[in-house]
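*Asks:* fold the following for me, if possible:
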Amino acid sequence: MPYSHHSHSGQFCKHAKGTLEEVVQEAIRQGFETYGLTEHVPRYRTQDLYPEEEGMALDDLYKTFNDFLDEAHRLKGIYAGQIKLLVGLETESISSVDLDRLEEVLKIHAGRIEYVVGSVHHVNGIPIDFDKPTYERALASFAASESTPGQSEDDARKTQMTAYLSSYFDAQYELMNRVKPEVIGHVDLCRLYEPALHFIDYPEAYEKLKRNIMFATDYGAVFELNAASLRKGWTDAYPAEDVIAIIKECNGRLALSDDSHGPHAVGLNYGRMADYMRRVGVEQLCVVEESSYRGPSGRLSQIVEVHGNWWEHKFWTSRK
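*Replies:* Just a heads-up that it's a prediction; the model follows:
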C-alpha cells in the first residue's frame with residue numbers, strides 16, 4: 001500500500017536534485033509499491049522562468065518535458081517487476097495561455113500521460129510558494145484595487161487576503177473544470193507562509209474552497225495528502241485539519257504524495273504524516289492505477305480504494 005503520486009527530479013526540474021532513475025531506485029529501496037512521476041509542464045512566457053532557469057530558452061522547457069516522458073516510460077518498463085510507476089505531470093496555471101497549452105500537451109501525449117496532479121502555484125502571475133517576499137508581493141498585488149479608503153489596517157488586510165484567496169481558488173476551479181485532474185495537488189498551498197490562517201475567517205474564499213472540493217469530489221478526483229509542508233515548517237500535512245474536515249463532509253477521498261524533489265526526499269516525513277493522518281482521523285486512502293478504460297478526464301487511469309487499515313501495513317510500522 002505505500003505509494004506517492006507526486007515527485008520531481010533534478011534531471012528535469014532545476015530546483016530538485018538527482019536523476020529520475022535515482023528517485024525510482026530510492027522508492028524501490030524504501031518499499032514503495034506505487035510511485036508517481038510528475039514533472040512540471042512547460043511554462044510559456046520568459047517572465048515565468050525561475051531564477052535558476054535564467055538564460056534558458058522556452059523551447060528548452062518543452063524539450064525537457066518531452067525527454068521526461070521518454071525517460072519515465074523507459075524506467076517504467078525496466079523496473080516493472082519491482083514497482084508500479086505511474087507517468088503523469090503537475091500543472092501550472094499562471095496566465096490564460098497555460099491551460100490552453102496544457103490541453104494541447106494532453107492531446108499530443110494522450111496515452112503517455114496517465115494522470116494529472118492539478119496544482120496552482122501562482123496568483124496574479126506571481127509565485128506564492130517560492131519565498132516569503134514573493135508571496136507578500138502576490139498578496140500586495142490586490143491592495144490598490146481591493147481595499148476601501150478609510151478602512152482600518154486590519155480590515156484592509158482582511159479585504160486583501162479575501163481577494164488573494166478567492167483568486168487562488170478561482171484559478172483552481174478553472175483548472176479542475178477544464179482538465180479534470182485525477183489528483184488535486186496541495187489544495188491549501190495558498191497559505192504556505194501563513195499556516196495559522198483559517199479559511200472560515202474569510203467567508204467568500206471559504207465558500208469557493210468548499211465549491212472546489214464538492215466539484216472535484218463529484219467528478220471523482222482525490223485530494224493529495226502531501227508531506228512537503230512538514231519539511232517547510234508546518235505541523236500538518238497539506239491539507240491542514242480544517243480542510244480535511246471539509247473533504248470529509250463532502251465525502252471526498254484522499255491519496256498520498258511525498259512531493260519529493262530528488263532521491264533524498266523520497267518518503268521524507270512519511271512517519272510524521274502517518275501520525276497526522278491518525279490524529280485527524282484519516283481511515284481510508286486511495287491510489288491511482290492504470291486502466292484500459294478512460295476515466296472522467298479521458299485518460300487511461302482509475303482511482304481505487306485501498307483495502308484494510310493502512311496504518312497496519314509494515315511500511316508504516318517500520319517508520320515509527
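*Asks:* hey, C-alpha coordinates of the helix or strand where residue 68 lies in PDB?
*Replies:* Element membership of residue 68 [criterion: DSSP states H and E] is helix 58-78. Extracted C-alpha coordinates of helix 58-78, given in PDB (Å, rounded to 0.1, in the frame of the first residue of the first chain):
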ATOM      1  CA  LEU A  58      11.300  28.400 -23.700                       C
ATOM      2  CA  ASP A  59      11.800  25.700 -26.300                       C
ATOM      3  CA  ASP A  60      14.200  24.000 -23.900                       C
ATOM      4  CA  LEU A  61      11.500  23.700 -21.300                       C
ATOM      5  CA  TYR A  62       9.200  21.900 -23.800                       C
ATOM      6  CA  LYS A  63      12.100  19.600 -24.900                       C
ATOM      7  CA  THR A  64      12.900  18.800 -21.200                       C
ATOM      8  CA  PHE A  65       9.300  17.800 -20.600                       C
ATOM      9  CA  ASN A  66       9.300  15.500 -23.700                       C
ATOM     10  CA  ASP A  67      12.600  14.000 -22.500                       C
ATOM     11  CA  PHE A  68      11.000  13.400 -19.100                       C
ATOM     12  CA  LEU A  69       8.100  11.400 -20.700                       C
ATOM     13  CA  ASP A  70      10.600   9.300 -22.700                       C
ATOM     14  CA  GLU A  71      12.700   8.600 -19.600                       C
ATOM     15  CA  ALA A  72       9.700   7.900 -17.300                       C
ATOM     16  CA  HIS A  73       8.300   5.300 -19.700                       C
ATOM     17  CA  ARG A  74      11.800   3.800 -20.100                       C
ATOM     18  CA  LEU A  75      12.100   3.400 -16.400                       C
ATOM     19  CA  LYS A  76       8.500   2.100 -16.100                       C
ATOM     20  CA  GLY A  77       9.500  -0.800 -18.400                       C
ATOM     21  CA  ILE A  78      12.900  -1.500 -16.800                       C
END
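*Asks:* for the helix or strand following that helix, name the packing helices and strands.
*Replies:* Next helix or strand after helix 58-78 toward the C-terminus (DSSP H and E): strand 84-90. For strand 84-90, the elements it packs on are strand 34-37, helix 58-78, strand 115-118, strand 286-290, judged by 3 or more Cβ pairs under 8 Å, 6 or more residues apart in numbering; DSSP states H and E. Heads up, the C-betas are built off the backbone N, CA and C, glycines and all.
*Asks:* for the helix or strand just after the last one, buried residues please.
*Replies:* Pointing back at strand 286-290 there. Using DSSP H and E, the helix or strand that follows strand 286-290 towards the C-terminus is strand 301-305. By 16 or more other Cβ atoms under 10 Å, the buried positions in strand 301-305 come out as 301-303.
*Asks:* can you tell me who residue 84 pairs with across the strands?
*Replies:* residue 34 (DSSP bridges).
*Asks:* so where do the strands sit in the stretch 151-300 of the chain?
*Replies:* Assigned by DSSP state E, counting those that start in this stretch, the strands in the stretch 151-300 of the chain fall at 183-184, 222-226, 254-257, 260-261, 286-290.
*Asks:* list the buried residues in stretch 216-224.
*Replies:* By 16+ other Cβ under 10 Å, the buried positions in stretch 216-224 come out as 216-217, 221-224.
*Asks:* and what of stretch 191-203?
*Replies:* Of all the residues in stretch 191-203, those buried under the rule 16+ other Cβ under 10 Å are 191-193, 197, 199, 202.
*Asks:* dump the buried residues of strand 301-305 to TSV, plus distance to residue 5 and pLDDT.
*Replies:* Output for these, formatted as TSV (distance: Cβ to Cβ, whole Å; pLDDT from 0 to 100):
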residue	distance to residue 5	pLDDT
301	11	94
302	13	95
303	10	96
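*Asks:* now the residue nearest in space to the middle of the chain: how far from residue 165?
*Replies:* When the chain is reduced to its mean C-alpha position, the nearest residue by Cα atoms, centre = their mean turns out to be residue 185, at 2.3 Å. Note on residue 185: its distance to residue 165, by Cβ to Cβ, to the nearest Å, is 17 Å.
*Asks:* thanks a lot, see you next time.
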